[in-house]
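> Show me the folded form of this:
(one chain, ligands or ions: 2)
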Amino acid sequence: MQRVFSGIQPSGIPTLGNYLGAIRNWVTLQDNHECLWCVVDLHAITAWQDPAALRRQSLEMAATLLACGVDPVNHILFLQSGVRAHAQLAWIFNCVARLGWLNRMTQFKDKAGKDRENASAGLYVYPNLMAADIHAYHATRVPVGDDQRQHLELANDIAQKFNHDYGVDFFPNIEPVILGPAARVMSLRDGTKKMSKSDPSDQSRINLNDDADTIALKIRRAKTDPLPLPSEVDGLADRPEARNLVGIYAALTDTDHASVLRAHGGQGFGPFKNALADLLVQKLAPISAETNRLLGDENALIAILQSGAERAAAIADPIVSEAERLVGFVGLRRG
Ligand code: AMP
Ligand code: TRP
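Residues are numbered from 1 along each chain as shown. Ligands and ions are numbered 1, 2, ... in the order given. As a prediction, this is how the structure comes out:
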């Protein structure tokens, strides 16, 4: 069975974009893969995180994943900081990856923005840590949103250079798994920008813990254009906001843009937005109720993550020790 790894940052409340672009696909992959699901708190601190908020959001993210159907018994759910192998392998990868490769990463450019001099060094080597996350388990399939494709290419470049430099065939090639009509859910305020949990405007996104009224209000206020919905997919060209809402509807009903337009084409946005809000409430209310139930017993939640970290370490530690041996480290026993 192929091994799957994916990660999600606890840098805010998970959004509809995380759900449709990532989490929902994770649950499907559990049927026929061995899966590791990781809340990547080491990645989160590449940008400033208030410590109390980081702790809370890490637990909230874990609870949300469980509420969405992540299975912590037949698969593994854990926090990245709970398994030391990630940081150990990332250091080796910092010495394998080339500056030229990192300089091409568009996410660094986006996140560092104009004030590049003031970005953390961690943000710059973020893709190396991500490569370590995956390669520490010899995982070969990685479900991500479209925006992470470039990072996975870098992870493959790192594996190839490691294998080449040390004359081994140790790290396997990894394959991105990018699924579904909503692989990229866009902001409700700007159809050309990704919906993000770190966007300063809460109106730009649906949070998985928004209540019914908030969801309805955000959808009603979502940016659109004055034309009615087209009846053909071609009619969505140059209408990013319309395309986004139709894509969300399609993803939530497991269809595609064309069949949503067959049912709703010709309608104004008013009725379509009402239908979309109802659908969102129907899909998200059970998730937020279950998340709150899980957060009500913090000790039980931490016990799930503790067990996950121990099982993850049992896979990663021997792989990373072997990588260290290949590099030439003597390999002292660790206390
Ligand atoms: P992040 O929120 O950046 O930690 O991303 C966690 C996962 O959710 C990654 O696989 C992302 O590609 C995915 N993701 C985040 N935002 C979106 C979005 N707006 N649309 C689709 N996928 C997303
Ligand atoms: N960088 C990913 C994101 O922001 C999160 C992530 C960290 C990840 N490590 C990973 C995703 C390993 C897949 C595999 O979305």
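
> who's in contact with residue 144?
Applying C-beta atoms under 8 Å, 6 or more residues apart in numbering, we find residue 144 in contact with 6, 22, 151, 152, 176, 177, 178. Where you see a C-beta, it was placed from the backbone N, CA and C, and this is true even at glycine.

> Sort out which one of those residues lies nearest ligand 2 for me.
Lowest distance from ligand 2 to those (C-beta to the nearest ligand atom) belongs to residue 6, with 4.3 Å.

> Who is the closest one paired with across the strands?
Beta bridges link residue 6 to residue 37, judged by DSSP bridges.

> ok, it - how many residues close by?
Residue 6 has 23 neighbours, counted by other C-beta atoms under 10 Å.

> With the one 4 residues further on instead?
Burial measure for residue 10: 26 neighbouring residues, criterion other C-beta under 10 Å.

> Now do the phi/psi pair for it.
Per-residue torsions, residue 10: phi -90, psi 50 (degrees, to the nearest 10).

> Show me where the stretch 201-335 of the chain dips below the pLDDT cut-off.
335 (pLDDT under 70).

> For the chain, list the residues in contact with ligand 1, please.
Taking C-beta under 6 Å from any ligand atom as the criterion, the chain approaches ligand 1 at residues 8-9, 17-18, 21-22, 144-145, 147-148, 183-185, 194-197.

> what about the longest helix in the protein?
In the chain, with assignment by DSSP state H, the single longest helix is helix 298-327.

> Could you see whether ligand 2 lies near that helix?
No: against ligand 2, helix 298-327 shows no contacts by C-beta under 6 Å from any ligand atom, the least distance being 12.7 Å.

> could you say what helices and strands that helix packs with?
Judged by 3 or more C-beta pairs under 8 Å, 6 or more residues apart in numbering; DSSP states H and E, helix 298-327 is in contact with strand 34-39, helix 51-68, strand 76-79, helix 85-96, helix 269-295.

> Need these in a markdown table (columns: mean neighbour count).
Shown next, in a markdown table, are the helices and strands packed on helix 298-327 (neighbours: other C-beta atoms under 10 Å):
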| stretch | mean neighbour count |
| --- | --- |
| strand 34-39 | 24 |
| helix 51-68 | 20 |
| strand 76-79 | 23 |
| helix 85-96 | 20 |
| helix 269-295 | 16 |
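
> Ok, which of those comes nearest residue 244?
Ranking those by proximity to residue 244 (C-beta to C-beta) places helix 269-295 first, at 10.7 Å.

> Let me know the angle separating the closest one from helix 298-327.
90 degrees (axes from the mean of the first three to the mean of the last three C-alpha atoms, to 10 degrees).

> Does anything pack onto helix 269-295? Which helices or strands?
Packed against helix 269-295 by the contact rule (3+ C-beta pairs under 8 Å, 6+ apart) you find helix 51-68, helix 212-221, helix 240-252, helix 257-264, helix 298-327.

> from the chain's centre, how far out does stretch 53-69 sit?
Put simply, stretch 53-69 sits 13 Å off its chain's centre (C-alpha atoms, centre = their mean, to the nearest Å).

> Give me the contacts around that stretch.
Taking C-beta under 8 Å, 6+ apart as the rule, stretch 53-69 contacts 8, 10-14, 19, 23-24, 26-27, 30, 37, 39, 41, 44-45, 49, 72, 77, 79, 208-209, 286-288, 290-291, 294-295, 298, 301-302, 304-305.

> 7 Å instead?
8, 10-14, 19, 23-24, 27, 37, 39, 41, 44, 72, 77, 79, 208, 287, 290-291, 294-295, 298, 301, 305 (C-beta atoms under 7 Å, 6 or more residues apart in numbering).
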